[in-house]
Each structure stands twice: as C-alpha cells, then as structure tokens.
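[1] sequence first, predicted coordinates after that:
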Amino acid sequence: QQTSRVQYALHQISSRYISMATISQLFLLCSHLRDLDLSGQSFVTNEIVRNIVTTSSRLADLRLDFCVHLTYEAVHSIMGELKYLRVVSIKGVNLSGDDWSTLTFERGTSFFVNLTKVFLCGSMMEDYIFDEIFNTCERLETLAITSGSQLHRPAPRRHQRHLQQLSFDNCRKLTTEGLLHVLQLCPSLRDLHIVQCMNVREDVGEAVATHCPLLQSFRAYHYYSNSFLLDSSNVRHLELHNGEYLQDACVSRTLRKCKYLTVLDLRGVRISRPLLYTNMDLDKLVYLRLGGSAGSAVTDNVVELFVKRARNVRNLQLSFANITRKSLDFLRCNLLFLESLALNGCQECVRRPEDIITADAVLESCSYMPYLNTLDLSYNETFFPDAVPLGTSRPLEELHTLVLADCPALEAVCLQNIPSIVPNLKVLNLSYCKAISSTALNSIAMSNPGVRIISW
C-alpha cells in the first residue's frame, strides 16, 4: 500500500542479508516515498542511489551520512533528479572541492533553491563552497557544517532571512572574522552551535546580540576565548562547555544579562571568584550543569551559590565536582522539585575521609526529593566503601532510572535491597562494573524481573 509520506530507516540491514534485487523491488513499491534515512549503511552504493532517485522522485528528506562507498556520481544523480528535495544530509561522503565545482557547474544552482536543511561533513568544505550554498539556498532554515577543515574565512553575500539553526562543528581553521561575517547575514537566527573552532578566539557574544536579536540558544564547546559577554534577554539556552579560559567577570555579567535562561551548562568553566555571581537571577532555570573534569573548581560554596538562585531547577548535573555531604544536605532542603540528579565522578577530588560521600548518604538525601525519577552515580570509586547492601530509612517511590556505571568497587551484594529501596525501578545501568560477574548479573535480573538491566 502506497502512502504520500513514508519514513523508512534501514538501520539494521547488512549487505550480507540483502541483495540489489531486493533493494530495487523495495523502492519500486515505494514510488511515493518522502523521507529516507540510509545513514551509515555499507550496502549503499552509487547504483543503489541511482535506483532510488529513479523510482522515488518525490523524496523530500534524504540522509546518506557516512555511506562510505558513495562518490561524486551519487550526488550528481541526486542533484539531477530529485526536484522536491528539501533536506539533504551527506556527512562523510568523500567529495573534493573540484567535484563540488563540477556539480554546481553542470547542474546549476536550481538544485539548492528549495533546500531548507543542509548537513555537510568533511574536508570538501572550503570557503567558496560554503559561500555558494549560502548564496543560493533561498529557503535555508538549518545549516550544519562538521569537520570543515578547509573552512577559513567565508564571505557569503546573501542575507539568510529564514535561517534559524547554524552549526560549526570541528571547523578548526574558521576565524572570528569569518564567523562574524556570516552572523551579520542571519537576522532570524535562533540557535548557534560552535564546537572546537580553535581559531575563534575573540568575544563573539556582542556581535551575536547585535546581529541575531532573536537568538534563543547559544552553545559553545571548547570555547578558546578568555572573554564572552552576551547581552540578550531572549536567550533561553546557554552552554559554555569546557570554556576553561573564560574569566569569571565575563561569565557572571552574561548571566546577569540573560535573565530568562532555562538551560545553563558551565561544565569545565573554572569558577574561582564566586562573589561575582551573587547578583544573578536564575529563577527561570530548569536545567543546570556544573563541574566538568577532575580537579574542577566547583565546591560546596559554588553549589550553594547557584542553587540559592535557581530553586526551580528540575535537572541538576554535578560532574566531577569537589563537593562533600554539606552539598547533599543543601540540595535536599532547597531543591524540592528536582526530577533528575547526576553526581558522576564527584569524589575523585576529595581527600579528607569525613568529607567522602557514600551511596547510602546520597540515597538517603534523595529519599526526601518527592519528584526525583533519575539518579546517576556513575564513575565513582568511593561511593561503595564496603561490600554491604545499600539501605535507606525510606523508599524512593518515584525513582525509575538508576545509573551505577563504571563503579569499580560496586559488588552484587550492594544491590540486594534494590527492590525495597527503589520499588518502581525500570532501568538499572551496571555497565563496566568489573566486580559484578555475569552470574551475579543474571541473579540481579532474576530478583528484579520488571527492571531492564544495562551492562556492557
């Protein structure tokens, strides 16, 4: 039976189990296919792509990411036949700059006019290719460039008034000047994502606020600038993950300006002057991440500072933070609506025995959080000092996901009381817990029949 819209993802098919004749018959029966995802499939060849574009000419969304056997010829077929295509993703397909120039010369720019989402990956992405896509895609809404190792200083001319999402991931040669030039042409941008762009070393926050007044989400991973000031009351989502060079004065001023944040990620940001953050208002914050790596500067005082100003947080992650039991008590008393808590790797920096947090102490504090449904205690070496069953004075009624992955001291005997401690548990992650044997895992599964056990 044919339909006008079919979403078909072949994520489990291997070339050993499917023949070219079967593929041809499949697409012959789906002449009205609109959405097709063949990402990462080794059986996808130029011949199969030619067959697809011949039999499924109405495709609007085509994703061929990391189909390693595809070449210039496959993209040539796509550009020549698929008149209704709106979304194309060809990350990891091996095209050189010369190939791209030949394609645009032979097929013209009409192919790009109707595209709304473009996802590209690989060394093929050079300045003039980026400029050509930017200048010819009249209805572009999403543009994502990954591993554009030759992207240096793009200089497009056309204003992209429909562009809402822009991402530069691992574009190591992209300069601040090139990024700012592109941002000047994106007045409707809502989401900006910058990851490992090592040459973007100057503050782009002011330019973002000036040229992209509608921006709601700014995400920068491995941000190499030591200054950042984003003055925009529209921003709701801010991530400065691993911004280890950022100064406290810049971060605190940004948080004071962005008054309506709902998501804040400061993992890897070294908060060395907590007093600068006292005037910030995080009342709207729902999702908060602090910490980031071993040796983190996130201490009990920093946790108290942020939690006091973000009492409505529902999801809190304190990764590799240098905290003690004092923080546990403070969280229990102040975050009554907390739904998800992650304390992964939190004890690697603590040296005094009296400061060490145990799994029993965490569970006891969490039992006073009536809405908590997810708890992550992974990557902890000291949470299970003795091989004794875990215990609390009251059960965690709402908790349904418990993550204890990569805890080398965790033994099977510690989990004996899990059914009574967490009576409504649905998922238990015990991946890389080396002290728990396969026999013990089977025993745990049998004693918790309604629980999905995850183990790698």
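    In hand now; what should we look at? Predicted model, so just to flag it, every value in this text is computed and none were measured.

[2] quick check: Leu363 is in a helix.
    Yes - assessed by DSSP: H, G, I helix; E, B strand; the rest coil, Leu363 belongs to a helix.

[3] so for it, what's the nearest residue that isn't a sequence neighbour?
    Sequence neighbours aside, Thr392 is the residue nearest to Leu363 in space, at 4.7 Å (criterion: CB to CB, 6 or more residues apart in numbering). Yep, even glycine has a C-beta here, placed from its N, CA and C like the rest.

[4] residues in contact with the one you found?
    Thr392 is in contact with 360, 363-364, 367, 421, counting by CB atoms under 8 Å, 6 or more residues apart in numbering.

[5] give me the neighbour count for Thr55.
    By the criterion of other CB atoms under 10 Å, Thr55 has 17 neighbours.

[6] re the thing from before, with pLDDT added, can I get the contacts of Thr392 in a markdown table?
    Formatted as a markdown table, the contacts of Thr392 follow (pLDDT from 0 to 100):
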| residue | pLDDT |
| --- | --- |
| Asp360 | 91 |
| Leu363 | 93 |
| Glu364 | 92 |
| Ser367 | 93 |
| Ile421 | 92 |
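
[7] buried residues, stretch 410-419. List them.
    410-418 (16 or more other CB atoms under 10 Å).

[8] can you give me the end-to-end span of it?
    One end of stretch 410-419 sits 17 Å from the other (CA to CA, to the nearest Å).

[9] can you pull out the residues in contact with that stretch?
    Stretch 410-419 is contacted by residues 359, 383-384, 387-391, 402, 404, 425, 428, 430, 433, 435-437, 440-441, 443-444, 447-448 when judged by CB under 8 Å, 6+ apart.

[10] tell me the contacts of Gly243?
    220, 222-223, 228, 251, 266, 268-269.

[11] ok, now Pro187?
    Going by CB under 8 Å, 6+ apart, the list of residues near Pro187 reads 159, 161, 211-214.

[12] can you tell me the centre-most residue of the protein?
    Centroid check for the chain by CA atoms, centre = their mean gives Arg219 as the closest residue, at 9.8 Å.

[13] show the pLDDT at it.
    pLDDT recorded at Arg219 is 91.

[14] now do it against Arg236, distance only.
    12 Å (CB to CB, to the nearest Å).

[15] which neighbours do those two share?
    Residues touching both Arg219 and Arg236 (CB under 8 Å, 6+ apart): there are none.

[16] on that earlier part again, which of the contacts of stretch 410-419 fall in strands?
    Counting by DSSP state E, these place 402, 428 in strands.

[17] buried ones only from the contacts of stretch 410-419, please, as a ChimeraX command.
    Burial among the contacts of stretch 410-419 is assessed by 16+ other CB under 10 Å; the matching ChimeraX selection reads:
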select :359,383,384,390,402,404,425,428,430,433,436,440,444,448
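
[18] ok, Leu396 - contacts?
    Counted by CB under 8 Å, 6+ apart, Leu396 has contacts 363, 366-367, 372, 375, 421-422.

[19] ditto for Ala359
    Neighbouring residues of Ala359 by CB under 8 Å, 6+ apart: 377, 380, 383-384, 390, 414.
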